[in-house]
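**Q** Just a sequence and a predicted model for now, questions to come.
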Amino acid sequence: MFDSLSTRLGDIFDKLTKRGALSDADIDEALREVRVALLEADVALPVVKDFVEGVKQRAQGQDVVRSVTPGQMVIKIVNDHLVEMLGGGADGTPGVDPSAINLTGTPPAAILMVGLQGSGKTTTSAKLALRLKNRDKKKVLMASLDVYRPAAQQQLAVLGEQTQTPTLPSVMGEQPLAIAKRALEKGRLEGFDVVILDTAGRLHIDQELMAEVTAVSAEAKPTETLLVADAMTGQDAVNVAKEFNEKVGISGIVLTRVDGDARGGAALSMRSVTGCPIKLMGVGETMDALEGFQADRIAGRILGMGDIVGLVEKAAETVEQEDAEKLAKKMMKGQFTLEDMAEQFKQLKKMGSMEGLLGMLPGVGKVKKQIAEANIDDKMISRQEAIILSMTKAERRNPKVLNGSRRRRIAAGSGTTVQDVNRLLKQFKQMSLMMKKMGKMGKRGMMPGGGLPPGMMPPGTLPPMR
């Protein structure tokens, strides 16, 4: 989402870091460019003014101008202000998890999902239910209060089946307030921890919508009222957030379609304009593609610093500890096979798109052109996996038997070329040599817990660049 802004800011800061010392004029010039970059990214004008003024006051101090690395000091100041703008915690305090959902009080805790039609409320409700069920071990009930959009209640029921989350059966002619009461009663009687109420949306804000949401909120007394906003709508999303906050009162924001090509201005503006934290963000189409919004990590991504902590957490959620230990033992013995390589590809695909994963690595923004030319994408991973799956078990375990005719058969079976097969086998050979070296190094070659030493790429992490 922040690709264009990240690129612009990266170019600005590259100029600063190349200079040995900075004058006030240098800082003024850089901040003018930062101001333009933020405005082009759809950040609200008042937010841009406050941001630039705050950075300027700190950046023009004698400590920065006389610093050994003044350019880096300015980047740090900008990073700190970005974190503040995005919200350092649920209450603006660093160290508080902004993605934590408030479930205090007597069960069931009610979560009210509000927003305009098409913002992704229903899908986000199902994603949130799955997150609460898997991460927090809560028993969740979902109820659709949308009696206006055709098949809205049916859509939530289908998503409930996909996520194995109970949904409130619909009753013909029942109105939203009555549905909310019935959902809460069912939650109390059947021992649910959380009831998620998916309210109706409109194409625009109107009195009827606000009156309905206010009445449901008064009845349900939700512990959280989450505004679901589409990151693609830019400045309009900020106006919607402001309106809902004034009329209904929201406790947090969920940004959807963050994996799209939105310019990111809505995310940067919402926290400042409403004072409400961005708690979660939808990063894909699958039901598990809902992440907590961490201000410091997002700021790091915008400034090209990456998000290594987030990448490690993704890996920890995807890779089973037992499987990782088994692979580590095989690596120690130099027994890495093509079957192990295919398993690594599967785990990599579970972690998300290649574009998203690469975006978490520091400095990737500066080599985007090379990555694009190398065609590193999800399809490439799938092609390499298809090549391995087109082999027999004997061939996967002993690639030495792969002569010319076998390679042609594998290429035809996987829909690739013989050159693609040769390239994969060359990559496998390089990895096998690395495994053998690590086996000879013994325990010294491994990180605590069976990991690879710094600087060495896990098997199958990235295809080779051409």
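**A** Received, thanks. Numbers count the residues shown, from 1 in each chain.

**Q** Next, the buried residues of stretch 281-296.
**A** 281-284, 287-296 (16 or more other CB atoms under 10 Å). C-beta coordinates here come from the backbone N, C-alpha and C atoms, glycine included.

**Q** Now Asn102: which helix or strand?
**A** Per DSSP states H and E, Asn102 falls between elements, in no helix or strand.

**Q** Tell me who's in contact with it.
**A** By CB atoms under 8 Å, 6 or more residues apart in numbering, the contact list for Asn102 reads Ala109, Thr223, Glu224, Ser251.

**Q** The first one against Phe192, yeah?
**A** No: between Ala109 and Phe192 there is no contact under CB atoms under 8 Å: 9.2 Å.

**Q** Compare those two (neighbour count), which wins?
**A** Regarding Ala109 and Phe192, a neighbour count based on other CB atoms under 10 Å identifies Ala109 as having more, with 24 against 21.

**Q** Bridged to that one, which residues?
**A** Beta-bridge partners recorded for Ala109 (DSSP bridges): Val194.

**Q** Give me the neighbour count for Arg407.
**A** For Arg407, the count of nearby residues is 20 (other CB under 10 Å).

**Q** Can I take it that it is in a helix?
**A** Yes: inclusion of Arg407 in a helix is indicated when DSSP: H, G, I helix; E, B strand; the rest coil is applied.

**Q** Just give the nearest non-adjacent residue to it, would you?
**A** Val421 (4.9 Å; CB to CB, 6 or more residues apart in numbering).

**Q** Contacts only, for that neighbour.
**A** Ile387, Leu402, Arg407, Ile410, Ala411, Ser414.

**Q** Of those residues, which belong to strands?
**A** Among the contacts of Val421, no residue falls in strands (DSSP state E).

**Q** biggest separation within those residues, which pair?
**A** Taking CB to CB as the measure, those span a maximum distance of 13.1 Å, between Leu402 and Ser414.

**Q** can I get the buried residues of stretch 281-296 in TSV with pLDDT and distance to Ser382?
**A** TSV is the format used below for these (pLDDT from 0 to 100; distance: CB to CB, whole Å):
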residue	pLDDT	distance to Ser382
Met281	85	26
Gly282	87	23
Val283	81	20
Gly284	80	16
Met287	89	21
Asp288	85	19
Ala289	84	18
Leu290	88	24
Glu291	83	23
Gly292	83	28
Phe293	81	30
Gln294	75	30
Ala295	74	34
Asp296	71	33
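
**Q** Tell me which of those residues fall in helices.
**A** Among those, DSSP state H puts Ala295, Asp296 in helices.

**Q** Can you tell me which of the buried residues of stretch 281-296 is closest to Arg35?
**A** Distance ranking of the buried residues of stretch 281-296 against Arg35, using CB to CB, places Ala295 first at 20.9 Å.

**Q** So the closest one is in contact with Asn79, correct?
**A** No: using CB under 8 Å, Ala295 is not in contact with Asn79; the gap is 10.6 Å.

**Q** any idea how far the residue nearest to Arg407 lies from Gln154?
**A** 46 Å (CB to CB, to the nearest Å).

**Q** Likewise for Val140?
**A** The gap separating Val140 from Gln154 is 19 Å, by CB to CB.

**Q** Hmm, His204 is touching Leu116, no?
**A** Yes: distance between His204 and Leu116: 7.1 Å, which falls inside the contact criterion (CB under 8 Å).

**Q** Show me which of these two is the more surrounded one.
**A** A direct count of neighbours by other CB under 10 Å for His204 and Leu116 places Leu116 higher, at 22 against 11.

**Q** check contacts around the more buried one.
**A** For Leu116, the residues meeting the contact criterion (CB under 8 Å, 6+ apart) are Gly201, Arg202, Leu203, His204, Ile205, Asp230, Val240.

**Q** Now do the same for it: its pLDDT.
**A** Model confidence at Leu116, expressed as pLDDT, equals 89.

**Q** host element of it?
**A** Leu116 is part of no helix or strand when elements are defined by DSSP H and E.

**Q** Show me where the stretch 151-300 of the chain has its helices.
**A** Listed in chain order, the helices of the stretch 151-300 of the chain (DSSP state H, counting those that start in this stretch) span residues 152-163, 176-189, 207-220, 235-247, 265-274, 295-302.

**Q** My error: substitute the stretch 1-150 of the chain in the last question.
**A** Remark: helices of the stretch 1-150 of the chain, listed N- to C-terminal, are 3-17, 24-40, 45-59, 62-65, 70-86, 121-135; assignment by DSSP H, counting those that start in this stretch.

**Q** Mind putting those into TSV with mean pLDDT, mean neighbour count and distance to Lys346?
**A** Output for the helices of the stretch 1-150 of the chain, formatted as TSV (pLDDT from 0 to 100; neighbours: other CB atoms under 10 Å; distance: least, CB to CB, whole Å):
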stretch	mean pLDDT	mean neighbour count	distance to Lys346
helix 3-17	68	17	27
helix 24-40	79	16	39
helix 45-59	80	16	43
helix 62-65	56	14	48
helix 70-86	73	20	34
helix 121-135	93	22	20
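
**Q** Which of those helices sits closest to Ser144?
**A** With CB to CB as the measure, helix 121-135 is the member of those nearest Ser144 (7.1 Å).

**Q** Which elements pack onto that closest one?
**A** Under the contact criterion of 3 or more CB pairs under 8 Å, 6 or more residues apart in numbering; DSSP states H and E, helix 121-135 touches strand 109-114, strand 140-144, helix 152-163, strand 194-198, strand 224-230, strand 252-256, strand 278-282, strand 290-292.

**Q** just so I know, which of those lies nearest Glu246?
**A** Proximity of these to Glu246 was assessed by CB to CB; the nearest stretch is strand 224-230, lying at 11.8 Å.

**Q** Buried residues, the closest one. List them.
**A** Neighbour counts using 16+ other CB under 10 Å place Glu224, Thr225, Leu226, Leu227, Val228, Ala229, Asp230 of strand 224-230 among the buried residues.

**Q** for Pro166, phi and psi?
**A** Here is the backbone geometry of Pro166 (degrees, to the nearest 10): phi -60, psi 140.

**Q** What's the local residue count around the residue nearest to it when sequence neighbours are not counted?
**A** Closest residue to Pro166 apart from its sequence neighbours, by CB to CB, 6+ apart: Leu141 at 5.3 Å. Using other CB under 10 Å as the criterion, Leu141 is surrounded by 22 other residues.

**Q** give me the beta-bridge partners of Leu141?
**A** Val195.

**Q** Likewise for Asp230?
**A** With beta bridges defined as DSSP bridges, Asp230 has these partners: Thr256.

**Q** Local confidence estimate at it?
**A** Per-residue pLDDT puts Asp230 at 85.

**Q** Please renumber the chain so that the first residue is 43 from this point on.
**A** Understood, numbering begins at 43; the last thing we discussed is Asp272.

**Q** Spit out the contact partners of His298.
**A** Actually, residue 298 is Thr. It isn't His. Applying CB under 8 Å, 6+ apart, we find Thr298 in contact with Ser161, Gly162, Thr165, Thr166, Val270, Ala271, Asp272, Ala273, Met323, Gly324.
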